[in-house]
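1. sharing a sequence plus its predicted fold:
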Amino acid sequence: MGGDDSAGDDSAGPGEGVLSLLPSGQRLTRPEYNRLLVCATLFHEGPESRAGLHNATGIPTSRLSEVCGDLLRGGLIRESIVAPPEGNGRGRPQTLLEIELRGLGAACVSYDHGEVTAAVADLAGTVRWRRRWTGPFSAEETLRLIARAGRLAVAAAAKAGVEVVAVGAADPGTVDAAAGRSVRAVSMPGWRNAPVVAALGKATGLPAMIDRGDGWQALGEAAFGAGRGVNHAVYVTLGEGIGGGIVENGRLLAGRDGSAGEIGHTRVSDSGPPCGCGGRGCLEAHLAPARLAALWKGDEPDQARGAAVGGEAPDEFSRLLAAAREGDGRARKVLAEAAGALARGLGNVVSLLNPEQIILGGRFVEAGETILDPLRRGLPAQALPEMLQGVEVRLAELGETSAFLGVAARVRNQLFAYPSVGARVGGGGTKGSDRVSSEESP
Ligand SMILES: [Zn+2]
């Protein structure tokens, strides 16, 4: 691509496409309010007839047909004819309206040392476009590339007929979500306080946001993967370290500064292995793949912790898993001890958070039953039986698309939130200024 990365069209953004039908903010015209209400109702309640929508929203029938007409023309909802159920004597096909999520999307830019990936997922949960750049890149180059990747993603989406609503940055380290900055990432030397959200916003002209990559993954799995239909899920992922996220009713628990769910440095033993954080007995120190592989091979595990082992470690861990599957007693013993530490960590999670489901992602998926089996045997000793009862422990389903889909999940939750009853209504060519209140029908 040519030209200067900063020379984007700053004024571009929601306003021209179908999103102009769904503005956000405190000041809504009455048609805007009604359109938001209809979309939110169809998103949360599922397909409805016009009569059902009238009952659910209280919008007068004549006004409702205008609202639906606008939304149908804009492509935000679609009509489907549903045959009557068999044996239903009334026997007339019904026309239902449903939200159309495939024309809207979210862009995601993820980055780590030497690598930037951009993707677009539509709001129905399909990844529609993806591209990866591999470095090495300096910190400055990385930030420029993040902006460019975001802009390319939005353009690629438009070609695919997807209007991007917002862009999310998936960060490998610590973020300040409110300030829109990537604070620090151990894996990215020289990368400090990078203004990622400002760069993405400027490059794309769209709302931008940042969160931990593990947090986006948790949201993605909860909305579109292993956690579909579950309201209280805890996601724990194994890479070189351990991260995670806590999702409650579709929202990621943030904590004070966005680090809630970073379970890797919870302590599960007093005299356990040293951790990269300077402590001892952290969950991620017990489960570091490089350390487990070293224990299996009989090497000095303390020399092999963390990322210091380098690129060879993943293969060694995979070999350990393969050996365990083939019945290698030493491999099984190493994994059983690791599963014991994981059971202590997850037992505490269960006692503290009372989840419905624990989703294990990243390299836990690769380990599969070699770690799940001893984990299931170890868990009962780590929490009250009534707390553990019914908690489902399962593997993640989405692989590396989970973060992209996590951005889509948050975007659609924000876009299709019910408009607040107190939203100011006025301007925009309607009759005068008024306010929608609970006493007044919309
Ligand atoms: Zn630690």
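-> In hand now; what should we look at? Residues are numbered from 1 along each chain as shown.
2. and the top helix by length along the chain, anywhere near the ion?
-> Secondary structure of the chain per DSSP state H: the longest helix is helix 329-353. No - Helix 329-353 does not reach the ion (Cβ under 5 Å from the ion); its nearest approach is 11.9 Å. The C-beta positions use only the backbone N, C-alpha and C, and glycine is treated the same way.
3. and that helix, what's buried?
-> Buried residues in helix 329-353, counting neighbours by 16 or more other Cβ atoms under 10 Å, are found at 331-332, 334-350, 353.
4. tell me which parts of this protein are close to the ion?
-> Contact residues (Cβ under 5 Å from the ion) of the chain with the ion: 265, 275, 277, 279, 282.
5. among the residues you listed, which one is most surrounded by other residues?
-> In terms of neighbours by other Cβ atoms under 10 Å, those top out with residue 282 at 27 neighbours.
6. in the stretch 1-150 of the chain, which residue sits nearest the ion?
-> residue 112 (19.4 Å; Cβ to the ion).
7. I'd guessed that residue sits against residue 172; true?
-> Yes - at 4.4 Å, residue 112 counts as touching residue 172 under the criterion of Cβ atoms under 8 Å.
8. all helices for this structure, in order.
-> With helices called from DSSP H, the chain shows them at 30-45, 50-57, 61-74, 139-159, 196-204, 213-224, 283-287, 289-297, 313-325, 329-353, 363-367, 369-378, 385-388, 402-415.
9. make JSON lines from these and add distance to residue 249 and mean pLDDT to it.
-> Output for the helices of the chain, formatted as JSON lines (distance: least, Cβ to Cβ, whole Å; pLDDT from 0 to 100):
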{"stretch": "helix 30-45", "distance to residue 249": "11", "mean pLDDT": "94"}
{"stretch": "helix 50-57", "distance to residue 249": "20", "mean pLDDT": "95"}
{"stretch": "helix 61-74", "distance to residue 249": "26", "mean pLDDT": "94"}
{"stretch": "helix 139-159", "distance to residue 249": "28", "mean pLDDT": "97"}
{"stretch": "helix 196-204", "distance to residue 249": "25", "mean pLDDT": "98"}
{"stretch": "helix 213-224", "distance to residue 249": "9", "mean pLDDT": "98"}
{"stretch": "helix 283-287", "distance to residue 249": "26", "mean pLDDT": "97"}
{"stretch": "helix 289-297", "distance to residue 249": "33", "mean pLDDT": "95"}
{"stretch": "helix 313-325", "distance to residue 249": "35", "mean pLDDT": "88"}
{"stretch": "helix 329-353", "distance to residue 249": "13", "mean pLDDT": "97"}
{"stretch": "helix 363-367", "distance to residue 249": "24", "mean pLDDT": "97"}
{"stretch": "helix 369-378", "distance to residue 249": "26", "mean pLDDT": "97"}
{"stretch": "helix 385-388", "distance to residue 249": "20", "mean pLDDT": "94"}
{"stretch": "helix 402-415", "distance to residue 249": "9", "mean pLDDT": "96"}
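10. return the most buried member of those helices.
-> helix 213-224 (a mean of 29; mean count of other Cβ atoms under 10 Å).
11. now do that helix: which elements does it pack against?
-> For helix 213-224, the elements it packs on are strand 104-112, strand 163-171, strand 232-238, strand 242-248, strand 251-252, strand 357-362, helix 402-415, judged by 3 or more Cβ pairs under 8 Å, 6 or more residues apart in numbering; DSSP states H and E.
12. all set now, cheers.
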